[in-house]
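> Would you be able to build a 3D model of this:
(one chain, ligands or ions: 1)
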Amino acid sequence: MSYSQSNNRDRFSRGRSSSYGGGSRNKRRTNQYIDPNKFIKTAKMTEAEVYVPENKFADFVVDPLIAVNLKAMGYELPSPIQDKTIPVALTGKDIVGIANTGTGKTAAFLIPVIDKLIKNRNSKVIILAPTRELAEQIEEQTRAIAKGSGLMGALLMGGVSMQPQLSDLRKNPQIIIGTPGRVKDHIERRTLKIADVNVVVLDEVDRMLDMGFIDDITEILNATNQDRQSFFFSATLEGKVRTSIEMFSKDPVHIMVKTGDTSDNVHQNVVNYNTKDEKIQKLHDILNDDNVSKTLIFDDTHHNVERLNDELRSRGFDSEAIHGGKSQAQRQRALKKFKDSNVKVLVATDVAARGIDVADITHVVNFSLPQTYQDYVHRIGRAGRAGRVGHALTFVEQRRNY
Ligand code: AMP
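The predicted structure follows:
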């Protein structure tokens with residue numbers, strides 16, 4: 001695909017597949033016991049601090065085309081992570097950014113990377129993300145920021161047909177965006193050569209490690225030019241994440257932006273139930289509540305997600321389901337309907353919900369308990385985005401409620 005004026009999104013054909021980008025590599029984790037009291041908390045209604053950036057976009061010495069595109073995208077001022085990352089990245093240093101989705105981190109790396117690629121047509125970047133949805137979001141922003149540059153790109157992810165990817169790769173694109181599994185497949189088939197890749201971006205490193213991608217990532221990064229610039233973004237910098245980043249980077253500059261704990265602005269409560277009938281009836285009542293306008297419901301398996309979605313539809317709710325057993329095209333359709341508010345309820349497994357960036361979710365419902373407390377925090381962070389107050393309701397079987 002070419003980042004010229006045309007928007008050739010349609011060139012991706014969406015094949016049917018039951019595999020999920022990374023899902024097959026998911027490590028099975030055993031359920032952790034979580035004290036139900038941890039699911040109860042009142043949101044802190046703190047006023048978000050207004051950030052005053054040190055730089056304006058015009059202060060960054062980047063190709064004028066990028067400035068024009070940012071303006072067209074409606075970006076007026078750099079977000080904190082952009083304000084701090086872009087000047088350092090433009091000096092060529094490695095960056096470790098501690099930031100979550102929603103902070104503007106995608107443009108924080110895309111602006112300096114695209115500038116580098118425009119200035120040096122022999123430069124090549126590989127951007128790895130843990131999920132297809134995230135890879136697509138990155139590709140969308142690349143399309144907007146690189147518009148008119150003539151740069152070529154390829155979006156390599158599982159669950160869709162290989163053909164458009166092969167055709168894009170034959171044009172020797174400077175921008176490779178993908179999920180680790182499919183990128184590795186292409187390297188093994190020799191349809192992608194990355195020895196000349198001199199910029200790498202690992203987005204959401206912590207999630208990629210969590211999803212068992214470490215071996216694929218190691219293999220991919222070892223095959224790139226070792227004299228490269230690297231960007232790492234992660235929500236945390238603990239344990240495995242730190243070790244992996246140290247292994248792959250050279251004297252990186254650490255950039256951390258102060259963001260409140262996302263769960264701070266989420267009202268959290270439990271819904272107790274005794275029987276399955278009572279459980280579904282309570283969910284029914286919640287969805288009928290006037291204050292509940294957009295709800296993301298988590299259930300544990302593909303099968304249960306499907307069953308719950310069918311049940312809700314039979315009760316007259318407009319809902320959609322996403323899970324790793326659906327094709328990428330089906331997942332995209334469902335997510336789009338939810339984003340566009342054509343359906344107000346989305347039922348999902350944890351894996352399929354990663355990377356969902358829907359600003360106006362009012363309620364997250366844990367119809368099944370999360371496997372770990374970390375998963376819980378991740379789930380409820382889908383509500384109460386962009387400074388709004390969200391709500392999280394967790395169903396707890398009464399006998400477990402000690
Ligand atoms: P991200 O954290 O990169 O997923 O970005 C979250 C959202 O913020 C995306 O919809 C971006 O298009 C948007 N965004 C990023 N940077 C800016 C900016 N400087 N001004 C306005 N919107 C932005």
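> Lowest mean pLDDT among the helices and strands, pick that one out for the protein.
helix 350-353 (a mean of 77; mean pLDDT, DSSP states H and E).
> name the helices or strands packed onto that one?
When contacts are defined as 3 or more C-beta pairs under 8 Å, 6 or more residues apart in numbering; DSSP states H and E, helix 350-353 packs onto strand 295-298, helix 373-380. C-beta here means a position set from N, CA and C on the backbone, and glycine is covered the same way.
> buried stuff in the last one?
The one in question is helix 373-380. 375-380 (16 or more other C-beta atoms under 10 Å).
> Export the least confident helix or strand of the chain to PDB, keeping only CA atoms.
Output of helix 350-353 as PDB, limited to C-alpha atoms (Å, rounded to 0.1, in the frame of the first residue of the first chain):
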ATOM      1  CA  ASP A 350     -10.300 -10.700  27.200                       C
ATOM      2  CA  VAL A 351      -8.100 -11.500  24.300                       C
ATOM      3  CA  ALA A 352     -10.300  -9.900  21.700                       C
ATOM      4  CA  ALA A 353     -10.900  -6.900  23.900                       C
END
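> So which residues on the protein come close to the ligand?
Within reach of the ligand by C-beta under 6 Å from any ligand atom, the chain has these residues: 75, 78-79, 82, 101-107, 357.
> try 8 Å
57, 70, 73-79, 81-82, 99-108, 137, 141, 144, 357 (C-beta under 8 Å from any ligand atom).
> could you flag which of the residues you listed are buried?
Using 16+ other C-beta under 10 Å as the burial test, the residues of the chain next to the ligand include 57, 70, 75, 78-79, 81-82, 99-101, 103-108, 137, 141, 144 as buried.
> Just the residues you listed: which are in helices?
70, 81-82, 105-108, 137, 141, 144 (DSSP state H).
> now the residues you listed in JSON lines, with pLDDT?
Formatted as JSON lines, those follow (pLDDT from 0 to 100):
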{"residue": "Leu70", "pLDDT": "97"}
{"residue": "Ile81", "pLDDT": "94"}
{"residue": "Gln82", "pLDDT": "96"}
{"residue": "Lys105", "pLDDT": "92"}
{"residue": "Thr106", "pLDDT": "95"}
{"residue": "Ala107", "pLDDT": "97"}
{"residue": "Ala108", "pLDDT": "97"}
{"residue": "Gln137", "pLDDT": "90"}
{"residue": "Gln141", "pLDDT": "96"}
{"residue": "Ala144", "pLDDT": "97"}
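> Distance to Glu278 added to the residues you listed, as TSV?
Output for those, formatted as TSV (distance: C-beta to C-beta, whole Å):
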residue	distance to Glu278
Leu70	52
Ile81	45
Gln82	48
Lys105	42
Thr106	43
Ala107	47
Ala108	47
Gln137	39
Gln141	45
Ala144	48
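> the helices in this protein, which residues?
Using DSSP H, the helices of the chain run over 64-72, 80-89, 105-119, 132-145, 162-169, 180-188, 205-210, 214-222, 239-248, 276-288, 302-314, 328-339, 350-353, 373-380.
> Which one, of the helices and strands packed on helix 350-353, ends up nearest to Thr243?
helix 373-380 (18.1 Å; C-beta to C-beta).
> Just list what that closest one packs against, helices and strands only.
Taking 3+ C-beta pairs under 8 Å, 6+ apart as the contact cut, helix 373-380 packs with helix 350-353, strand 363-366, strand 390-397.
> just the ones you listed: most buried one?
Mean neighbour counts were compared across those using mean count of other C-beta atoms under 10 Å; the top stretch is strand 363-366, at a mean of 25.
> What is the nearest of the buried residues of helix 373-380 to Asn366?
Using C-beta to C-beta, the buried residues of helix 373-380 come closest to Asn366 at Arg379, 6.3 Å.
> Return the per-residue confidence for that closest one.
At Arg379, the pLDDT value in this model is 89.
> So it sits against Ala353, correct?
Yes: counting by C-beta atoms under 8 Å, Arg379 touches Ala353, with 7.1 Å between them.
> Any stretches of the stretch 301-402 of the chain with poor pLDDT?
Within the stretch 301-402 of the chain, the stretches with pLDDT under 70 are 355, 385-387, 399-402.
> Phi first, then psi, for the one residue in it that gets nearest to the ligand.
Using C-beta to the nearest ligand atom, the closest approach of the stretch 301-402 of the chain to the ligand is made by Asp357 at 5.8 Å. Backbone torsions of Asp357, given as degrees, to the nearest 10, read phi -120, psi 80.
> where's the nearest residue to it once chain neighbours are set aside relative to Ser368, distance?
Nearest residue to Asp357, sequence neighbours excluded (C-beta to C-beta, 6 or more residues apart in numbering): Thr101, at 5.8 Å. As judged by C-beta to C-beta, to the nearest Å, Thr101 and Ser368 stand 23 Å apart.
> if I look at Arg379 and Ala353, which residues touch both of them?
Residues touching both Arg379 and Ala353 (C-beta atoms under 8 Å, 6 or more residues apart in numbering): 296, 298.
> and the end-to-end length of stretch 217-231?
14 Å (C-alpha to C-alpha, to the nearest Å).
> residues of that stretch that come out buried?
Applying 16+ other C-beta under 10 Å to stretch 217-231 flags 217, 220-221, 223-224, 228-231 as buried.
> and which of those residues is nearest to the ligand?
For the buried residues of stretch 217-231, the nearest to the ligand is Phe231 (12.7 Å; C-beta to the nearest ligand atom).
> mind checking pLDDT for the closest one?
pLDDT for Phe231: 98.
> where's it relative to Asn100, distance?
In terms of C-beta to C-beta, Phe231 sits 15 Å off from Asn100.
> And Thr218, by the same measure?
Thr218 sits 25 Å away from Asn100 when distances are taken as C-beta to C-beta.
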